[in-house]
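Peer 1: Kindly return the folded structure for what I paste below:
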Amino acid sequence: NTQNYLKTKRAGRWNWSGFVQVSKHVIQDSGSTSQIIISDSGEALIFDCGIELTPERLKEAKRKFGFKNISVIIPSHWHYDHVDGIPDMAEQEGAEVWVWEGLVEHLEYPDHFITTCWTEKSIHPDRILLEGESFQWNEYSFKVYHHPVHMEEQMALKAEVDRITFYMVADGTRLSSF
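Peer 2: Purely as a prediction, here's the structure:
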């Protein structure tokens, strides 16, 4: 519905280098593929974590936006620019990795699939998110969607943060599945 679409904000890459504070608790890292949601507890949830989200860049984000640690990382799809940073970041931060059910096999066994944009890193989920599942993370509500706009094995998140509905869609913008 067009009216609902116009009332929502989308986090996306605008300046390709800095951090964009989309709302009080939602940050787009325009130098990487990551979107950061910050809880009042000081924890952060990261949607996508490519290798570009370096420890130095994370330190800058923590200083600038006041969060303490990443507690959850959720990848949108299995291309390296969205997942290569996950194993190191999860270990460094003590974060859990939550993966949409349609993406699990591709992340655990990336060498079984052919693409020009694959990762060699095997990623094992701490939690499997189901199609259509709604969940809470700290004070925020989320819903999981299969979102095959950029590739078949792609998911998106609908997030209710700061009284705003965000659609975390990564590489693809069609909103018809919401």
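Peer 1: need the strands for the protein, in chain order.
Peer 2: All strands of the chain, identified by DSSP state E, fall at 19-23, 26-29, 35-38, 43-47, 69-74, 96-100, 127-129, 134-137, 140-146, 155-161, 164-168.
Peer 1: which residues touch stretch 77-88?
Peer 2: 32-33, 48-54, 73, 75-76, 97, 103, 106-107, 110, 113, 115, 117-119, 121, 123, 150-151, 153-155, 170-171 (Cβ atoms under 8 Å, 6 or more residues apart in numbering). (Glycine included, C-beta is placed from N, CA and C.)
Peer 1: among the residues you listed, which ones are buried?
Peer 2: 32-33, 48-51, 53, 73, 75-76, 97, 103, 106-107, 110, 118-119, 123, 150-151, 153-155, 170-171 (16 or more other Cβ atoms under 10 Å).
Peer 1: Can you flag which of those belong to helices?
Peer 2: When DSSP state H defines the helices, the subset of the buried ones among the contacts of stretch 77-88 inside them is 106-107.
Peer 1: how about the strands of the chain in TSV, adding distance to residue 81 and mean pLDDT?
Peer 2: Shown next, in TSV, are the strands of the chain (distance: least, Cβ to Cβ, whole Å; pLDDT from 0 to 100):
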stretch	distance to residue 81	mean pLDDT
strand 19-23	18	92
strand 26-29	12	93
strand 35-38	14	96
strand 43-47	13	97
strand 69-74	14	98
strand 96-100	17	97
strand 127-129	21	98
strand 134-137	24	98
strand 140-146	20	95
strand 155-161	16	94
strand 164-168	15	92
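Peer 1: so which of those comes closest to residue 60?
Peer 2: Minimum separation from residue 60 across the strands of the chain (Cβ to Cβ) falls at strand 19-23, 7.7 Å.
Peer 1: Name every strand pairing with the closest one and say which way it goes.
Peer 2: With DSSP bridges as the test, strand 19-23 is paired with strand 26-29 (antiparallel).
Peer 1: what sits up against the partner strand?
Peer 2: Strand 26-29 is touched from outside by 11-14, 19-22, 35-38, 53, 57, 61, 65, 159, 161-162, 164, 166, with contacts defined as Cβ under 8 Å, 6+ apart.
Peer 1: Burial check on the residue lying closest to residue 124 once chain neighbours are set aside, number of neighbours?
Peer 2: If the residues on either side of it in the chain are set aside, residue 124 comes closest to residue 108, at 5.9 Å by Cβ to Cβ, 6 or more residues apart in numbering. Residue 108: 13 surrounding residues under other Cβ atoms under 10 Å.
Peer 1: I appreciate the help and will end here.
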